[in-house]
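J.: Below: sequence and its predicted model.
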Amino acid sequence: MDAVIAVPEPRNEPVRDYAPGSAQQASLAARLRTLASERIDLPMTIAGAQRMAGGHRIDVVQPHRHAHVLGVTGNATAADAQAAVAAAKEAAPAWRRLSFEDRAAIFLRAADLLAGTWRDTLNAATMLGQSKTCLQAEIDAACELIDFLRFNVAFGRRLLAEQPLSSPGVWNQFDHRPLEGFVYAITPFNFTAIAANLPAAPALLGNTVVWKPGATQQFSAHFTMRLFEAAGLPPGVINMVTGDGIAVSDVALADADLAGIHFTGSTRVFQHLWKTVGENISRYRTYPRLVGETGGKDFVFAHASADADALHTALIRGAFEYQGQKCSAASRAYVPRSLWEGGLRDRLAATAESLTYGDVADFGNFGGAVIDARSFARNSDALDRIRKSAECTVVAGGTADDSEGWFVRPTVVEGTDPTHEIFTTEYFGPILGVHVYDDARWRETLTQAESAAPYALTGSIFATDRQIVAEASESLRFAAGNFYINDKPTGAVVGQQPFGGGRASGTNDKAGSWHNLARWISPRTIKETFAAPTDHRYPHMG
Ligand SMILES: NC(=O)c1ccc[n+]([C@@H]2O[C@H](COP(=O)([O-])OP(=O)(O)OC[C@H]3O[C@@H](n4cnc5c(N)ncnc54)[C@H](O)[C@@H]3O)[C@@H](O)[C@H]2O)c1
Ligand SMILES: N[C@@H](CCC=O)C(=O)O
């Protein structure tokens, strides 16, 4: 078709509230019961074919009831990885020849399916496999993923429209090529939407992908792959391999056609991948694009002029929603003594103690369990150290129990030393460190907080005094890629707060924005001259 096609104008997907007695809650509860009653195979998908990975078997369980196995997956071997890389290469020519509109239609259809008949399935899988409450699943597996799919099409269309100037007699064009080679997408356990977006965004722009989800997210990743297929994704465009990824990296990072890594996860793993690419740099046909969004130690800085009610709610939601397992979670707070001793400490402690963590299929619970035994050990070991530390006072929580699920209680710790590990280390659990400062020392405290941790992902300032807001915003300019004024540091919405951070938090390529999509194209500049010169001599030569 000869036309410049407009794409549908995206709007953020409305969030359902699943109120008690609603048809929405009843329908989701029914899907939860069905998925929990089955024990399914969680295979790889390579060139459109499903088969179990060749390595050892891994049980995928409900974190809040770890004896309950939802499905069984396998660890991908080097042979599995080679098959996935080969399938991505094989599918590439036909996929990149399809028009942008044809590719976009597949992902727009996936968004519509997810907004409709697939919504309960992906939400229920995310609740059971990742221990999210219905609201936390809804804002992730439904709304954020629908938004990624729809907004990326609009951002992609805008990128393709970007063309160079042409002077008289010349026509200059950008050919927005996909990368030359395959993209390796490696995704974290904590967001179903991120896991889906990391392979989908490069694929939209004509790349083919090897996707390695986190093993503990494999239950919802399985249904995400089925959703893409239902939307018409051709075989080989996204090839999903399962397990820990070690053998997959051995193969993919050594391949001459590795064109990019799209990673979200811990800083440690991303640095390992980057170093390996560096060691292999002379093997590659082209320099691989390295996009990684990684860890955080996200802060809330409160000034004495802050609204105490808003601050209290932001700390509770920011630190303890999804058990503190958002990369954006508030895990360190700086609070003036007047507010802390004026009631905030007691209120925060009482609310934290009242939060119910339990089975997420019980819609009355505020949260669930942390993801696995490794996370439980990391958090309970930290609590042991905190309890023994002379610089720390546990104000709420401080306990953990893994007898049925990997439960860590919402914990508030007052710390006198702002260089203590509670202000510098990412625990990825429900532990909030609070440093209480003398009101007059807010500026020194702000300066210390700015670089207390190596990360720079999210952060908030709470103040009603505009001078303070302006000064803090300037002083903290490089301390967070997503900065919030009088709001919690979590809950970024696609198209509204493009997400990502700097320093040890990543390459800040802003998932769900044109900035990220630009990393998955390699423009070719074409100059055509209509009346080419036919005399090599210049006028100044006489
Ligand atoms: N900045 C962001 O946008 C963002 C978003 C979500 C999560 N995170 C971060 O992710 C972390 C939590 O997620 P996680 O526990 O899944 O992270 P992780 O780093 O443990 O794992 C991430 C992925 O890397 C894989 N992996 C590990 N070693 C590998 C290797 N050698 N080769 C290939 N794959 C390998 C894992 O299996 C998983 O799929 C936290 O640090 C959190 O801050 C960041
Ligand atoms: N984008 C999410 C966090 C993603 C990381 O886990 C938020 O803004 O809360």
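T.: Alright, I've got the coordinates. Numbering: from 1, shown residues only. Ligands and ions are numbered 1, 2, ... in the order given.

J.: list the contacts for the residue lying closest to residue 359 once chain neighbours are set aside?
T.: Using C-beta to C-beta, 6 or more residues apart in numbering and skipping the chain neighbours, the partner closest in space to residue 359 is residue 64 (5.3 Å). From N, CA and C alone the C-beta is placed, and that goes for glycine too. Applying C-beta atoms under 8 Å, 6 or more residues apart in numbering, we find residue 64 in contact with 131, 357-360, 368-369, 404-407.

J.: List of residues touching stretch 360-372?
T.: So stretch 360-372 is contacted by 18, 20, 25, 29, 32-33, 36, 63-64, 66, 127-128, 130-134, 189-190, 216, 320-323, 325, 355-359, 376, 379, 405-408, 410, 428-430 (C-beta under 8 Å, 6+ apart).

J.: before we move on, what about stretch 525-533?
T.: Here stretch 525-533 has contacts from 164, 169-175, using C-beta under 8 Å, 6+ apart.

J.: And the helices in the stretch 401-542 of the chain?
T.: 442-450, 466-475, 514-518 (DSSP state H, counting those that start in this stretch).

J.: ok, and does the shortest one reach over to ligand 2?
T.: Same thing as helix 514-518. No: taking C-beta under 6 Å from any ligand atom as the criterion, helix 514-518 and ligand 2 are apart, separated by no less than 12.8 Å.

J.: average pLDDT for that helix?
T.: The average pLDDT within helix 514-518 is 98.

J.: okay, the helices of the stretch 401-542 of the chain in TSV with distance to residue 221 and mean neighbour count next?
T.: Formatted as TSV, the helices of the stretch 401-542 of the chain follow (distance: least, C-beta to C-beta, whole Å; neighbours: other C-beta atoms under 10 Å):
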stretch	distance to residue 221	mean neighbour count
helix 442-450	36	18
helix 466-475	38	15
helix 514-518	20	20
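
J.: Ligand 2 versus residue 61, what's the distance?
T.: For residue 61, the distance to ligand 2 (C-beta to the nearest ligand atom, to the nearest Å) stands at 21 Å.

J.: Counting neighbours, which bits of stretch 515-528 end up buried?
T.: 515-523 (16 or more other C-beta atoms under 10 Å).

J.: Could you tell me which residues of the stretch 251-400 of the chain lie near ligand 2?
T.: Near ligand 2, when you scan the stretch 251-400 of the chain using C-beta under 6 Å from any ligand atom, you find 326-328.

J.: Neighbour-wise, which one of those leads?
T.: Counting neighbours by other C-beta atoms under 10 Å, residue 327 comes out on top of these with 27 neighbours.

J.: Give me the nearest residue to it, chain neighbours excluded.
T.: In space, residue 327 is closest to residue 296, 4.8 Å off (C-beta to C-beta, 6+ apart).

J.: Would you indicate which residues of stretch 476-485 are buried?
T.: For stretch 476-485, a neighbour-count test (16+ other C-beta under 10 Å) marks 476, 479-484 as buried.

J.: Please list the outside residues in contact with that stretch.
T.: 298-299, 301, 328, 446, 449-451, 456-461, 469, 473, 489, 492, 497, 499-503, 505-506, 508, 510.

J.: try 7 Å
T.: With C-beta atoms under 7 Å, 6 or more residues apart in numbering as the test, stretch 476-485 has contacts from 328, 450, 456-461, 469, 473, 489, 492, 497, 499-502, 505, 508.

J.: As PDB, could you dump the C-alpha coordinates of it?
T.: Below are the C-alpha coordinates for stretch 476-485, written out as PDB (Å, rounded to 0.1, in the frame of the first residue of the first chain):
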ATOM      1  CA  LEU A 476      19.400  16.000  43.400                       C
ATOM      2  CA  ARG A 477      19.500  16.500  39.600                       C
ATOM      3  CA  PHE A 478      21.800  13.500  39.000                       C
ATOM      4  CA  ALA A 479      20.600  11.400  42.000                       C
ATOM      5  CA  ALA A 480      17.500  10.000  40.300                       C
ATOM      6  CA  GLY A 481      16.400   9.300  36.700                       C
ATOM      7  CA  ASN A 482      12.800   9.600  38.000                       C
ATOM      8  CA  PHE A 483      12.200  12.400  40.500                       C
ATOM      9  CA  TYR A 484       9.000  12.900  42.300                       C
ATOM     10  CA  ILE A 485       7.700  16.000  44.100                       C
END
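
J.: near ligand 1, which residues of the stretch 201-350 of the chain show up?
T.: Near ligand 1, when you scan the stretch 201-350 of the chain using C-beta under 6 Å from any ligand atom, you find 212-215, 244-246, 248-249, 264-266, 269, 272, 293-296, 327.
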